[in-house]
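>>> please find the sequence and the predicted model below.
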There are 2 protein chains.
Amino acid sequence: MQKGMLATLLLLLFVSVDLSAQQDEDALFIKRIHDHTLQRGVCYQWLSHLSNKIGGRLAGSPESEEAIKYTAEQLNSLADTVYLQECIVPYWVRGRREVVKVTNMPGGAQMNMNALALGNSVGTGDIGVEAEVIEVKSLDEVRELGRAGVAGKIVFYNRPMDPTLINTFQAYGRAGDQRVNGPAVAAEYGAVGAVVRSLTTLTDNVPHTGVTRYKDGVPQIPAVAISTEDADKLSYFIKKDKVSVYIETHCKMVAHEKLSHNVVAEIKGSEYPDEIILVGGHMDSWDVAGGAHDDGAGCVHAMQVLQTMQALGYQPKRTIRCVLFMNEENGLGGGLAYAAASNENDEFHLAAIESDAGGFSPRAFSFDATDEVFAGLFRQVTEWEPLLAPYGIQLNKGGSGADINPLKSQNGLLAGLRPDSQRYFDFHHTKNDNIEAVNERELKLGAAAMSSLVYLLDQYGLQRDSE
Amino acid sequence: MQKGMLATLLLLLFVSVDLSAQQDEDALFIKRIHDHTLQRGVCYQWLSHLSNKIGGRLAGSPESEEAIKYTAEQLNSLADTVYLQECIVPYWVRGRREVVKVTNMPGGAQMNMNALALGNSVGTGDIGVEAEVIEVKSLDEVRELGRAGVAGKIVFYNRPMDPTLINTFQAYGRAGDQRVNGPAVAAEYGAVGAVVRSLTTLTDNVPHTGVTRYKDGVPQIPAVAISTEDADKLSYFIKKDKVSVYIETHCKMVAHEKLSHNVVAEIKGSEYPDEIILVGGHMDSWDVAGGAHDDGAGCVHAMQVLQTMQALGYQPKRTIRCVLFMNEENGLGGGLAYAAASNENDEFHLAAIESDAGGFSPRAFSFDATDEVFAGLFRQVTEWEPLLAPYGIQLNKGGSGADINPLKSQNGLLAGLRPDSQRYFDFHHTKNDNIEAVNERELKLGAAAMSSLVYLLDQYGLQRDSE
């Protein structure tokens, strides 16, 4: 990069930016969006109901059904059409509280650990599983140990999230294979159980659940996450002596295929009804708390977009569709069913924006698209970023969201809302992900950011490079 | 602004930025600063001690003395010189719990309100003050009502903070005159007491204290802040009927002039020892909580800068001085004494950076300087902003901090750390401003941001336009 260009870049950030007349009008509407959302937005009340009154909403559960009903009712007066879209989900239940402890310690001592069974994992039943435990830092380490080192044992994955990564989602991404694929890899080499260090940047006594994936043709072994404090202790004991771990879980997969639904609410576009702008989050959440940040926040962000459009009397040119996806956590049944139906109907999603990174202060949208879409988008970003900058929102390249990712083949723009990530993994998949962990202003600012981007996409569509 | 320039600006943000070799080296050191602070920074432990073990540290109080002693001890091994600098402060105490209630309601009912006496205000003693209450929205409204409308009454200032301002400090600034000057203006027109709506964006039952200023030659009347919920209720009652308010406060100014101290810790510069780079916060805090965000966070941010420099073996070219100011909350005795001594000694502060906006995720530094300094700074900002962008830090024009503001005449750069402001006024000046309200990663990132800016200032100084 030229120094001169950089100088231009930063001088501009340092001085105030003048907007064109059209941009002035857009700036005014974006301010109205924020004023309304902050003063009369209802997303926090919705989230409070979802999180406190309904609670954890794992796919297939009665709570998930209640959440579908509640959100569809709330959306009814905010859209032209509201409907439930069928999808097939697994139905897994945790059952009685997990018992996980260190055993065979010198002197016969035992140490209970704070643990949660991993989602989709098999239970041990009352009899439990007990075996010598070995500590590893990676899946490759298990492969290197091979059957000789692993068979008959419990494998303990203990690689922490990297605290030096500023974006905590990056740290999560780099440690997550231990939970998602670790148990299956351990089972391939004959392990009888798996224990995973909780995925969090905190050191505390709270275990974090989350999905694990078994592999076809490999035995399904019990798998739990333990708190980071217990992980440190277990590691300490292992380094000193040969110790065992006892795992007792009562979870089970009640049904591999159960009928459930996405909730879809749509305002038909007045000029380009075939160009769809989707806003969404996922309705399902882990069973151990109210799923406030993950992902009640995303659902009410998306719902708030419709409420704001209606309250401001905004008639969209393009079709705005709010989708609350089912089963992001342990199967993606909703996201896959939505994309399949959309492709079947030859739909075109001009854009899809997912909020699935919490209800904290919004800081950016990350955009994902084909090179062709990006080529046109560069010019639009130059117009949009100064409009969003007063609200602390930047536009970056990056991923979008698990539920909307299957729409990429439609060659529109995918986007993810990126709130401040520092506190997310304090709550993620724990008993503490409740409404108390969400700040109302921060939540509302996220919804206003989504509404603002929807407004810009609706006004201008996507420029193509050839235009 | 030219569209072409804007296009350049945003294209650059949207693509990755290439750095020069020198910038690569700087980027590496800034990463080391962040790695150290996040992994081995001790600011959170310091803050925990200040907030939990010592508690509220209002100027002149025993707790403030304890905090001076504790921080000086902690700094002792981190600097070449640590000393206490004398300053004169008022010593005000709250005394027994406030009783504030709505009286003379229809049917003889009374309603207790959650209230805190304003800092520096006079107490009523056991006898209390009771009078008809009138509601106003501004100081001008009191002036318009005049003596005829105000004399003998209690004036209730009830203009809320504007929730639509994205930066909550702006909203605070625009509503703050009611608390700071409202009681004195009411007294000028004969009011016998003042009640102020708490300065917060929340609607809840928690009152927020803060300083009020009496005017010479005007009677000193009792003054309290009530919670926003109580303010809404009181306003409702006033609109329905003529009601009274009873105020009983036991606060008093124990001493108008008491000796106290700033804590100063200095690492002498190896090349330009006469160019001082100051980092600071204020040690004093309101008495009702641990003063964690306001401003324990700022103190430990500044202290962490020295700890990080030492841990990384960084020998500064310029003199780095950490200053923990006394009495920002109710007099500015420390800040004024520091500037006076500095001017007396013909010192030059190349830069002074204050952290007094909480321990939340850092988002920017705001720079304040004379036009001459800014003229040179534009070019430096072009080099620095891409180095700080990976940590989410922007560089803007704006205010710096109350304690360092008197240094502006030295014609250096003043800067304020600007963390995310959404949650600040949930805690500010309340019983809830404790360590539990502070997230360790967010706090550490603030300290790392300060250290990074200090590093850049130390490496490059300030370019002057003539250079």
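Looks like it came in fine. Because the structure is predicted, anything quoted here is derived from the model rather than measured.
>>> check the secondary structure at A:Glu132 for me.
Following DSSP: H, G, I helix; E, B strand; the rest coil, we place A:Glu132 in the strand state.
>>> for it, report the pLDDT, please.
Per-residue confidence (pLDDT) for A:Glu132: 98.
>>> and it, how far from A:His49?
48 Å (Cβ to Cβ, to the nearest Å). The way it works is simple: take the backbone N, C-alpha and C, and place the C-beta from them, glycine included.
>>> quick one, which of these two is more surrounded?
Neighbours per residue, other Cβ atoms under 10 Å in any protein chain shown: of A:Glu132 and A:His49, the larger number sits with A:His49, 18 against 15.
>>> quick check: the more buried one vs A:Leu38, distance?
Applying Cβ to Cβ to A:His49 and A:Leu38 gives a distance of 20 Å.
>>> which residues touch the most centrally placed residue in chain A?
Central residue of chain A (Cα atoms, centre = their mean): A:Asp356, 3.9 Å from the mean position. Contacts for A:Asp356 (Cβ atoms under 8 Å, 6 or more residues apart in numbering or on different chains) come out as A:Gly281, A:His282, A:Asp294, A:Asp295, A:Gly298, A:Glu328, A:Gly401, A:Ala402, A:Asp403, A:Gly416.
>>> what backbone torsions are found at it?
phi -150, psi 40 (degrees, to the nearest 10).
>>> got the end-to-end distance for stretch A:387-401?
24 Å (Cα to Cα, to the nearest Å).
>>> that stretch near chain B anywhere?
Yes - interface with chain B: stretch A:387-401 contributes A:Pro390, A:Tyr391, A:Gly392, A:Gln394, A:Leu395, A:Asn396, A:Lys397 (Cβ under 8 Å from any Cβ of the partner chain).
>>> and for the nearest residue to the second one once chain neighbours are set aside, the neighbour number?
Once its chain neighbours are removed from consideration, A:Tyr391 has its nearest residue in B:Ile166; the separation is 5.7 Å (Cβ to Cβ, 6 or more residues apart in numbering or on different chains). The local packing count at B:Ile166 equals 19, with neighbours defined by other Cβ under 10 Å.
>>> and the gap between B:Ile166 and B:Trp286?
26 Å.
>>> and if you look at A:Gln220?
Counting by Cβ to Cβ, the gap from A:Gln220 to B:Trp286 is 57 Å.
>>> correct me if wrong: A:Thr228 contacts A:Thr200.
Yes - contact criterion Cβ atoms under 8 Å: A:Thr228 and A:Thr200 qualify, at 6.1 Å.
>>> quick check: residues of the stretch 351-467 of chain A near chain B?
So the stretch 351-467 of chain A meets chain B at A:361, A:363, A:378-379, A:381-383, A:385-386, A:390-392, A:394-397, A:420, A:422-423, A:426, A:439, A:441-442, A:445 (Cβ under 8 Å from any Cβ).
>>> same thing with the stretch 201-350 of chain A?
A:Thr201.
>>> check the stretch 201-350 of chain A for the residue nearest chain B and tell me.
Closest residue of the stretch 201-350 of chain A to chain B, Cβ to the nearest Cβ: A:Thr201 (6.2 Å).
>>> skip the chain neighbours and tell me the closest residue to A:Ala337.
Closest to A:Ala337 by Cβ to Cβ, 6+ apart is A:Cys87, at 3.6 Å.
>>> kindly indicate whether the residue of the stretch 151-300 of chain A found nearest chain B is helix, strand or coil.
Nearest residue of the stretch 151-300 of chain A to chain B: A:Thr164, at 4.6 Å (Cβ to the nearest Cβ). Following three-state DSSP, we place A:Thr164 in the coil state.
>>> that one: what's its closest spatial neighbour, skipping adjacent residues?
B:Asp35 (4.6 Å).
>>> counting neighbours, what do you get for the one you found?
Using other Cβ under 10 Å: B:Asp35 sits among 17 other residues.
>>> how about A:Arg147?
Residues near A:Arg147, counting by other Cβ under 10 Å: 11.
>>> which of the three states applies to it?
Relying on three-state DSSP, one would call A:Arg147 helix.
>>> show me what contacts it?
A:Tyr189, A:Gly190.
>>> still on that earlier bit, okay, the residue of the stretch 151-300 of chain A closest to chain B: pLDDT?
98.
>>> A:Leu443 and A:Gly296 touch, don't they?
No - A:Leu443 is beyond contact range of A:Gly296, at 9.6 Å (criterion: Cβ under 8 Å).
>>> quick one on the thing from earlier: which of the residues of the stretch 351-467 of chain A next to chain B count as buried?
A:361, A:363, A:381-383, A:385-386, A:391-392, A:394-395, A:420, A:422-423, A:426, A:439, A:441-442, A:445 (16 or more other Cβ atoms under 10 Å in any protein chain shown).
>>> what's the closest non-adjacent residue to A:Leu19?
Nearest to A:Leu19 is A:Ala27, by Cβ to Cβ, 6+ apart, at 5.9 Å.
>>> how about the residue of the stretch 301-450 of chain A found nearest chain B, secondary structure?
Using Cβ to the nearest Cβ, A:Thr382 is the residue of the stretch 301-450 of chain A that sits closest to chain B, at 4.1 Å. The three-state label for A:Thr382, taken from three-state DSSP, comes out as helix.
>>> any idea how far it lies from A:Tyr70?
41 Å.
>>> quick one: the helices in chain A?
A:3-14, A:21-40, A:43-48, A:62-76, A:139-150, A:168-175, A:177-180, A:182-188, A:228-240, A:297-311, A:333-344, A:371-388, A:424-427, A:440-460 (DSSP state H).
>>> distance between the third one and the chain's centre?
Put plainly, it is helix A:43-48. 18 Å (Cα atoms, centre = their mean, to the nearest Å).
>>> again with the fifth one
Helix A:139-150 has its average C-alpha position 31 Å from the chain's average C-alpha position, going by Cα atoms, centre = their mean.
>>> over it, what's the mean pLDDT, rounded is fine.
98.
>>> buried sites along it?
Buried, per 16+ other Cβ under 10 Å, within helix A:139-150: A:Leu139, A:Glu141, A:Val142, A:Leu145, A:Gly149, A:Val150.
>>> okay, those residues in TSV with distance to A:Ala171 next?
Below are the buried residues of helix A:139-150 laid out as TSV (distance: Cβ to Cβ, whole Å):
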residue	distance to A:Ala171
A:Leu139	17
A:Glu141	19
A:Val142	21
A:Leu145	25
A:Gly149	28
A:Val150	27
